[in-house]
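>>> with the sequence up front, the predicted model follows.
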Amino acid sequence: MANSVIQADEWLIHGEENMVALGRRLGDVLCRQPASAVIFLLGDLGAGKTTLSRGILYAFGHSGAVKSPTYTLVEPYQFADRQVFHFDLYRLGDPEELEYMGIRDYFVHNNVCLLEWPVRGEGYLPQPDLIIATHVSGQGRLVKVQANSAYGVQVLRALQQTV
């Protein structure tokens, strides 16, 4: 059942502030339900993946800038009891490069891993708990969240109660 969509929901979000707010609500849920989480972020350039990530990081307590780690591949964020790793695999030349950077070490403990452009790391990434796809829709963004694990279902159900 790990490869099938267990549950999904979608929201139409208008404006950057509301995208950050959705990310913050998701981050709040992740903070309240501590466990390792792998979240794939799908969407074209400019669709709001990094903006959503910013909201998630704000929920964990980050107050600084959040930039897409396009050139560094990963940006770590250390919090009191958790780490969040924000990946951007857009410029990844070969998925095997992930093996050289020790990618498996990131998916342990209570780490939260946010992965933009996960298709570029296919074959080297674990199955995600959530798949979040953002698409430009008129003046807003259509955000579809799919739960892909039992933990993902818990997170999505809790998120649904906040939106």
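Now that the structure is in, tell me what you want to look at.

>>> can we go C-alpha only for contacts and neighbour counts from here?
OK.

>>> low-confidence stretches in this structure?
For the chain, the stretches with pLDDT under 70 are 1-5.

>>> which residues in it form strands?
7-13, 37-42, 74-78, 83-88, 112-116, 130-137, 140-147 (DSSP state E).

>>> give me the residues contacting the second one.
Pointing back at strand 37-42 there. 49, 107, 110-118, 126-134 (Cα atoms under 8 Å, 6 or more residues apart in numbering).

>>> ditto for the fourth one
Outside of strand 83-88, the residues within contact range by Cα under 8 Å, 6+ apart are 53, 57, 68-70, 73-78, 106, 110-118.

>>> what angle do strand 112-116 and it make with each other?
Counting by axes from the mean of the first three to the mean of the last three Cα atoms, to 10 degrees, strand 83-88 lies at 10 degrees to strand 112-116.

>>> most tightly packed of the strands of the chain?
strand 112-116 (a mean of 25; mean count of other Cα atoms under 10 Å).

>>> which strands and helices lie in contact with it?
Contact analysis of strand 112-116 by 3 or more Cα pairs under 8 Å, 6 or more residues apart in numbering; DSSP states H and E lists strand 37-42, strand 83-88 as its packing neighbours.

>>> could those strands be laid out in JSON lines, adding distance to residue 19?
Output for these, formatted as JSON lines (distance: least, Cα to Cα, whole Å):
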{"stretch": "strand 37-42", "distance to residue 19": "13"}
{"stretch": "strand 83-88", "distance to residue 19": "17"}
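
>>> counting neighbours, what do you get for residue 162?
Neighbours of residue 162 under the rule other Cα atoms under 10 Å: 12.

>>> the closest residue to residue 16 other than its chain neighbours: how many residues sit nearby?
Among residues not flanking residue 16 along the chain, residue 51 sits closest, at 7.0 Å (Cα to Cα, 6 or more residues apart in numbering). By other Cα under 10 Å, 22 other residues sit near residue 51.

>>> contact partners for residue 51?
With Cα under 8 Å, 6+ apart, residue 51 has these contacts: 16, 19-20, 23.

>>> returning to what we had before: make TSV out of the strands of the chain and add distance to residue 122.
Shown next, in TSV, are those (distance: least, Cα to Cα, whole Å):
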stretch	distance to residue 122
strand 7-13	22
strand 37-42	11
strand 74-78	16
strand 83-88	13
strand 112-116	12
strand 130-137	14
strand 140-147	18
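
>>> can you name the farthest residue from the center of the chain?
Each residue of the chain has a distance to the centre, and by Cα atoms, centre = their mean the biggest one is for residue 138: 23.3 Å.
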